[in-house]
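Student: Need the 3D shape of this:
(one chain, ligands or ions: 1)
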Amino acid sequence: MPELGIADRMAVTLGDRLDPSLSTLFDAVPEWRVLRAAIRDAATRHGTSERWECALAALPAATPSCIAVGDTVDIGAADDLDTSACARLSTALHELEPWRKGPFRLFGVTIDAEWRSDWKWRRIAPHLTSLVGKRVLDIGCGNGYYGWRMCAAGASLVAGIETNLGHVAQHLALQHYTNDPRNSIVPLRFEAVPATATFDTAFSLGVLYHQRDPQEHLARLRPFLRSGGELVVETLVADPDETLLFADDARYARMRNVFAIPSSRALLEWLRSAGFEGGRIVDVTPTTTDEQRRTEWMRFESLADALDPMDPTRTVEGHRAPLRAVAIARAI
Ligand SMILES: C[S@@+](CC[C@H](N)C(=O)[O-])C[C@H]1O[C@@H](n2cnc3c(N)ncnc32)[C@H](O)[C@@H]1O
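Tutor: Model (predicted):
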């Protein structure tokens with residue numbers, strides 16, 4: 001069979017290579033054919049496709065002797081590759097920068113991503129209803145780091161939805177070695193995915209404040225969950241009595257794409273009106289420059305550049321420095 005290009009590989013992430021049960025969830029839907037074509041178009045037109053394609057093609061062949069998923073998603077041992085193959089692996093993985101989510105280790109090469117995503121998972125995991133045997137939806141899943149954590153916690157299937165094809169390219173690099181049919185990514189905007197399948201648990205981590213209409217985002221999640229299913233929302237939150245709304249040209253912590261930061265109370269109200277009950281805030285934690293920072297795998301600006309150097313409790317725009325909350329609710 002000829003080697004598929006990245007556009008095709010992205011378009012078939014739900015298809016032949018992956019878990020038939022995931023294909024069953026979506027492939028029966030007539031719209032899905034159209035969606036596959038849309039993915040192929042977007043990936044083909046993307047200015048960076050060629051670089052990702054070359055990086056993926058340059059990954060040395062290897063079979064990991066072990067895969068261990070803990071705080072670090074650890075794939076293969078250093079001994080599985082000779083020195084030259086290991087150097088080629090490191091170069092190819094660097095070509096897929098910026099690595100925002102991690103940490104990962106591949107055959108002894110540690111990918112120290114911008115975010116210590118394991119810290120967020122530690123804040124969430126103890127509060128979850130067991131994921132054993134569950135079908136999970138992860139909106140804005142990045143490169144699928146949490147998908148591996150969810151599978152390790154027993155999920156039978158994780159469908160990530162991610163619009164940023166750079167993250168999807170990283171996922172393909174990791175899957176090149178893990179070939180794990182349980183953890184897959186649909187490379188689309190969430191808004192383009194028809195609610196044709198129901199899941200037991202849905203996650204929306206770090207996505208709500210990027211939505212122009214955050215209440216609509218929560219309402220859109222509802223039909224993806226079976227009745228009684230669990231929704232986990234992790235988001236920036238504001239002080240108790242304020243909800244911050246941002247105009248299109250405004251910035252929060254140097255980010256252009258932040259539109260609304262609710263108070264914890266407003267978040268719970270939004271969940272209620274979107275069709276969820278029993279909503280509770282299980283964690284509130286300030287984001288530190290140890291959790292989100294520039295590394296040799298993410299060389300752009302990071303949190304330290306977004307805080308006021310004279311008062312790191314404020315952003316450079318004068319807002320409260322990032323504070324993040326985790327809310328959990330049940331679909332009615
Ligand atoms: C701040 S990151 C959070 C990533 C990960 N969930 C986490 O918590 O670490 C937000 C992610 O959501 C993705 N995203 C934002 N809006 C989206 C949408 N409407 N549909 C799919 N993905 C979206 C972005 O591309 C980005 O990868």
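Student: what ranges do the strands span in the stretch 151-300 of the chain?
Tutor: Taking DSSP state E, counting those that start in this stretch, the strands of the stretch 151-300 of the chain run over residues 157-161, 183-186, 199-205, 225-236, 244-245, 260-261, 276-286.
Student: can you list contacts of the third one?
Tutor: Same thing as strand 199-205. For strand 199-205, the external contacting residues (Cβ atoms under 8 Å, 6 or more residues apart in numbering) are 120, 124, 128-129, 131, 134-141, 146, 150, 155, 159, 217-218, 221, 224-226, 229-235. The way it works is simple: take the backbone N, C-alpha and C, and place the C-beta from them, glycine included.
Student: which among the residues you listed end up buried?
Tutor: Among the contacts of strand 199-205, those buried by neighbour count (16 or more other Cβ atoms under 10 Å) are 120, 124, 128, 131, 134-141, 146, 150, 155, 159, 217-218, 221, 224-225, 229-235.
Student: what sits against the residue of the stretch 101-250 of the chain found nearest the ligand?
Tutor: The nearest approach of the stretch 101-250 of the chain to the ligand comes at G140, 2.5 Å away (Cβ to the nearest ligand atom). Going by Cβ under 8 Å, 6+ apart, G140 touches I161, E162, T163, F190, S204, L205, G206, V207, H210.
Student: now L236
Tutor: Neighbouring residues of L236 by Cβ under 8 Å, 6+ apart: Y209, Y252, V258, I261, P322, L323, R324, A325.
Student: okay if I get those residues as JSON lines plus distance to the ligand, neighbour count and pLDDT?
Tutor: Shown next, in JSON lines, are the contacts of L236 (distance: Cβ to the nearest ligand atom, whole Å; neighbours: other Cβ atoms under 10 Å; pLDDT from 0 to 100):
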{"residue": "Y209", "distance to the ligand": "8", "neighbour count": "23", "pLDDT": "98"}
{"residue": "Y252", "distance to the ligand": "12", "neighbour count": "22", "pLDDT": "97"}
{"residue": "V258", "distance to the ligand": "10", "neighbour count": "18", "pLDDT": "97"}
{"residue": "I261", "distance to the ligand": "13", "neighbour count": "25", "pLDDT": "98"}
{"residue": "P322", "distance to the ligand": "11", "neighbour count": "22", "pLDDT": "98"}
{"residue": "L323", "distance to the ligand": "15", "neighbour count": "16", "pLDDT": "98"}
{"residue": "R324", "distance to the ligand": "9", "neighbour count": "19", "pLDDT": "98"}
{"residue": "A325", "distance to the ligand": "13", "neighbour count": "21", "pLDDT": "98"}
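Student: Return the member of the residues you listed nearest to D239.
Tutor: L323 (8.3 Å; Cβ to Cβ).
Student: what pairs with that closest one across the strands?
Tutor: Taking DSSP bridges as the rule, L323 bridges to P286.
Student: Which strands or helices does whichever strand or helix holds T110 pack on?
Tutor: Applying DSSP states H and E as the criterion places T110 in strand 109-111. Under the contact criterion of 3 or more Cβ pairs under 8 Å, 6 or more residues apart in numbering; DSSP states H and E, strand 109-111 touches helix 83-94, strand 104-106.
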